[in-house]
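*Asks:* turn this into a structure:
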Amino acid sequence: MPNHSDTYKLRNKIKNSLQNDVDQILQLAKELSIEEVISYLVKSYPDKVTCSSSFSFEDQVITHKILTNQLPVSIFTLDTGRLFEETYSVWSATNERYHTKIRGYNPDHKLLEPFVAENGPNSFYESVQQRKACCYIRKVEPLKRALKNKCAWITGIRAEQSDDRHDLAQVEWDEGNQIIKYHPLLNWATEEVKAYVNEHHIPYNILYDRGYTSIGCAPCTKPVKPGEDTRAAAGGGRIIQRRNVGCMYHVMYEASIQYMLRFFNLADFFIQEKN
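*Replies:* Model prediction:
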C-alpha cells in the first residue's frame, strides 16, 4: 500500500522546487525571446511543458512559434462539444499547416451525461447556476486532466484583454493547478498579434472577421457591436464575473465547483480555489 505521508512530502518537495523557479524564469522572460524562454522550460522540465489553445489569435501565434521551432511542447485544446464549426475548421487547418495533431480534451461522459439528462442540453440559458455547472463539466474538469503531471503551462493571456490583468506577472505560480504559468504575449498589443498572424499567414478563426472578439462555446459567444464592452462577447452578451485570469481556459467559477460537488457528490473533482 502507498505511504500517503511519503507521497505528500514528495508532492510538497516538487511544489516548492517549482515555486522557487518562478522568479528565475520571470527574469529570463525579461531578457530572452519567447522561443528562448520556451526552450529553457522544456530543458528544465522535459515532457512536462504544455500549451493550451482555444485557437484564438494569441494561441495561434504561440502555436506557430512552438511548432516552427520544433520545440517539444504538447499543445491541447478543450473540446467542450459546443464549439463553433469555424473553430473546428481552424483546428483542422492548424493540424494540416504544421503537420501536427493538437490533442482535444472532452468532457467526462460520467459527468456530462447525467447532467444533460437531468437538466437538458441548453440548461445554461435558464440560470447562472446552470451556466457555471456546465462550464465546470466542459472546461474546468477537462483542464485539470490536461494539466495533470505537468510543470509549466504556456497561455495566450494578454494584459490588454481586461483591466485586472495589467498587474499580472509574465511568469507566475498557479496555486490552484500547482503549475508554473508563462504568458509570453502578456505585453503584446492587439494590433501586434494580428500583424504577426498576417505576416506569417497563420490560420485563424474567421469569426474574428465577423465581429467576434472572444470565441468560446457557440451558445455563450456573440459578436460585439460598435461601442459595446468587448467582454460582452462572452456569455451571450451578458458580462459575467470572471476569475482574475479569464479567457476560455482561465475562467473559474466558484459556484460551478460547489454545484457539481452537490449534484454529483464528487469530492475527487474538487478544485482548490486560487487566492
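*Asks:* thought His183 was touching Gln161?
*Replies:* No. His183 is beyond contact range of Gln161, at 10.5 Å (criterion: CB atoms under 8 Å). Just so you know, the C-beta spots here come from the backbone N, C-alpha and C atoms, and that holds for glycine as well.
*Asks:* the two - which one has more neighbours?
*Replies:* Legend: neighbour count by other CB atoms under 10 Å for His183 and Gln161, higher for His183 (25 against 20).
*Asks:* what's the spacing between the more buried one and Arg165?
*Replies:* Distance of His183 to Arg165, computed by CB to CB, to the nearest Å: 9 Å.
*Asks:* next up, the contacts around Thr50.
*Replies:* Applying CB atoms under 8 Å, 6 or more residues apart in numbering, one finds that Thr50 lies in contact with 73-76, 146-147, 150, 152-154.
*Asks:* so which of these is the most crowded?
*Replies:* Ile154 (29 neighbours).
*Asks:* so what's it up against?
*Replies:* Per CB under 8 Å, 6+ apart, neighbours of Ile154: 38, 41, 49-52, 62, 66, 73, 181-184.
*Asks:* switch to 7 Å and redo it
*Replies:* 38, 49, 51, 62, 73, 182, 184 (CB atoms under 7 Å, 6 or more residues apart in numbering).
*Asks:* with those residues in mind, which one is nearest to Pro107?
*Replies:* Pro107 lies nearest to Cys51 out of the contacts of Ile154, by CB to CB, at 20.7 Å.
*Asks:* contacting residues for that closest one?
*Replies:* 62, 66, 73, 75, 154.
*Asks:* so it, which of the three states?
*Replies:* Cys51 carries the three-state label strand when classified by DSSP: H, G, I helix; E, B strand; the rest coil.
*Asks:* how about it, nearest residue that isn't a chain neighbour?
*Replies:* Among residues not flanking Cys51 along the chain, Ile154 sits closest, at 4.0 Å (CB to CB, 6 or more residues apart in numbering).
*Asks:* would you check how far apart the one you found and Phe55 are?
*Replies:* For Ile154, the distance to Phe55 equals 15 Å [CB to CB].
*Asks:* I am finished for the moment; much appreciated.
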